[in-house]
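K.L.:
turn this into a model:
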Amino acid sequence: MKTTLAVLLTGTLIVAGCGSLRESRLNPGNWFGNSTETPVASTKPKEEINPLLPVQKRDEGIFAKRPEEDRSTLINTISALRVEPTSTGAIVSVEGLSNRQGAYDIELRPVKDAPADVLEFELRADHPTTDAQASTSQNPPIRAALSLSTQDLNGIKLIRVVGAENVRETRRR
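P.N.:
Numbers count the residues shown, from 1 in each chain. Model prediction:
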């Protein structure tokens, strides 16, 4: 019992002595002081910059890469369109069949000139440049999905997906 009491008393004294270590230079937490605010020396004239808008790139000279041309094509048939609600908006998932095999880089691309209350997308994909076999009904369907926020869906009454041969759409209930 005496050894237990002696160990407990010694441990208490050691821990109590750590209070002075808290303010000493041995504590790594004291190596840096509190942060303060300092003004930034500006070398450029101040201009209005909106951080939410992308920066417009200017012509970068003769060695700049030219943008690649869009070689994607519309998927032949849109076979299914589903809108699954989520806590932050909705997920639009689309299924389609291509008229050629080997489709890649599948994308739901928004149509720019759609009415304000309609979200219209094109289901597009790139295909290999070599001659691919024609698509058959045994080919797996092409799937794409897109997440939309509640802000994207405000005022939207219709979601439409365009293919080469058909259009599928769903209305808000």
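K.L.:
name the element the spatially most central residue of the chain belongs to?
P.N.:
The centroid of the chain falls nearest to residue 147 when counting by Cα atoms, centre = their mean (8.9 Å). If you go by DSSP states H and E, residue 147 is part of strand 142-149.
K.L.:
past that strand, which element shows up next along the chain?
P.N.:
Beyond strand 142-149 in the direction of the C-terminus, DSSP H and E gives the next helix or strand as helix 150-153.
K.L.:
tell me what that next one is packed against?
P.N.:
Counting contacts by 3 or more Cβ pairs under 8 Å, 6 or more residues apart in numbering; DSSP states H and E, helix 150-153 is packed against strand 89-97. Any C-beta I mention is one placed from the backbone N, CA and C, and that applies to glycine too.
K.L.:
next, the angle from the following helix or strand past the strand it packs on to strand 142-149.
P.N.:
The element immediately downstream of strand 89-97 (helix or strand, assigned by DSSP H and E) is strand 104-110. Relative orientation of strand 104-110 versus strand 142-149 (axes from the mean of the first three to the mean of the last three Cα atoms, to 10 degrees): 40 degrees.
K.L.:
sheet partners, orientation included, of strand 104-110?
P.N.:
Here strand 104-110 is paired, per DSSP bridges, with strand 118-126 (antiparallel).
K.L.:
stretch 158-168: end-to-end distance?
P.N.:
10 Å (Cα to Cα, to the nearest Å).
K.L.:
can you give me the distance of the residue located most distally from the centre of the chain to residue 9?
P.N.:
No residue in the chain sits farther from the centre than residue 2, which is 65.4 Å out by Cα atoms, centre = their mean. Going from residue 2 to residue 9 by Cβ to Cβ, to the nearest Å gives 10 Å.
K.L.:
what comes up buried for the lengthiest helix in the chain?
P.N.:
For the chain, the helix with the greatest residue count under DSSP state H is helix 2-21. Residues of helix 2-21 classed as buried by neighbour count (16 or more other Cβ atoms under 10 Å): none.
K.L.:
from here on, call the first residue 103.
P.N.:
Sure thing, new numbering starts at 103, so read that last one as helix 104-123.
K.L.:
what mean pLDDT does that helix have?
P.N.:
Averaging pLDDT along helix 104-123 yields 77.
K.L.:
again with stretch 202-217
P.N.:
88.
K.L.:
and for stretch 185-198?
P.N.:
Rounded to a whole number, the mean pLDDT of stretch 185-198 is 89.
K.L.:
which residues touch that stretch?
P.N.:
Residues from elsewhere that reach stretch 185-198 (Cβ atoms under 8 Å, 6 or more residues apart in numbering): 177-184, 210, 221, 223, 225, 243-255, 261, 263, 265, 270, 272.
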